[in-house]
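Colleague: output the structure for:
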Amino acid sequence: MTTLAADREIEALMALHPKGFDLSLDRITRLLERLGNPQDLLPPVIHIAGTNGKGSCAAFSRALLEASGRLVHVHTSPHLVSWHERYRLAAEGGGRLVDDDIFAEAIARVAKANAGQKITVFEILTAVTFILFSEHSA
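Modeller: All right, here's what the predicted structure looks like:
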């Protein structure tokens, strides 16, 4: 599956965005259960949050950890050009952006597991993160 196919899949999922506000975790919980709860299989996580400087903090942290020989996954948001650039998978010698085919396959799995239910973009991309990071060594 190509980036174009992944873009079409994301567009179809975005059409399922619920109208109004529902801040419960019901949708993401249901989706993750259908995906086999990949969040339970994650390697150790550092969550960087705040208003400013998250990208720089993540880049410096990744560089430090990789320089010490660690394998590091990184998820950043928002993306600048394409959806898949949000995901950097751990690799010997430094991480790499997720391949188009791997990203597209994860999106397709989320779409299938979601089965046409209402879902937000944030929930979609969170599920993709959990799939990618739980299935690739770090």
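
Colleague: which of the three states applies to the closest residue to Arg30 other than its chain neighbours?
Modeller: Excluding the flanking residues, the one nearest Arg30 by Cβ to Cβ, 6 or more residues apart in numbering is Gln117, at 7.2 Å. Glycine gets a C-beta too; all of them are placed from N, C-alpha and C. Following DSSP: H, G, I helix; E, B strand; the rest coil, Gln117 is assigned to coil.

Colleague: Ser77 versus Gln117, what's the distance?
Modeller: 23 Å (Cβ to Cβ, to the nearest Å).

Colleague: quick one: average confidence on the helix or strand where Ala5 lies?
Modeller: Using DSSP states H and E, Ala5 sits within helix 3-14. Across helix 3-14, the average pLDDT comes to 79.

Colleague: picking that back up, quick check: the residue nearest to Arg30 touching Ile28?
Modeller: No. Look at Gln117 against Ile28 with Cβ atoms under 8 Å: they stay out of range, at 11.0 Å.

Colleague: quick one on the thing from earlier: spit out the contact partners of the residue nearest to Arg30.
Modeller: 16, 27, 30-31 (Cβ atoms under 8 Å, 6 or more residues apart in numbering).

Colleague: could you dump these to CSV with distance to Arg88, neighbour count and secondary structure?
Modeller: Below are these laid out as CSV (distance: Cβ to Cβ, whole Å; neighbours: other Cβ atoms under 10 Å; DSSP: H, G, I helix; E, B strand; the rest coil):
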residue, distance to Arg88, neighbour count, secondary structure
Leu16, 27, 17, coil
Arg27, 26, 19, helix
Arg30, 28, 16, helix
Leu31, 23, 20, helix
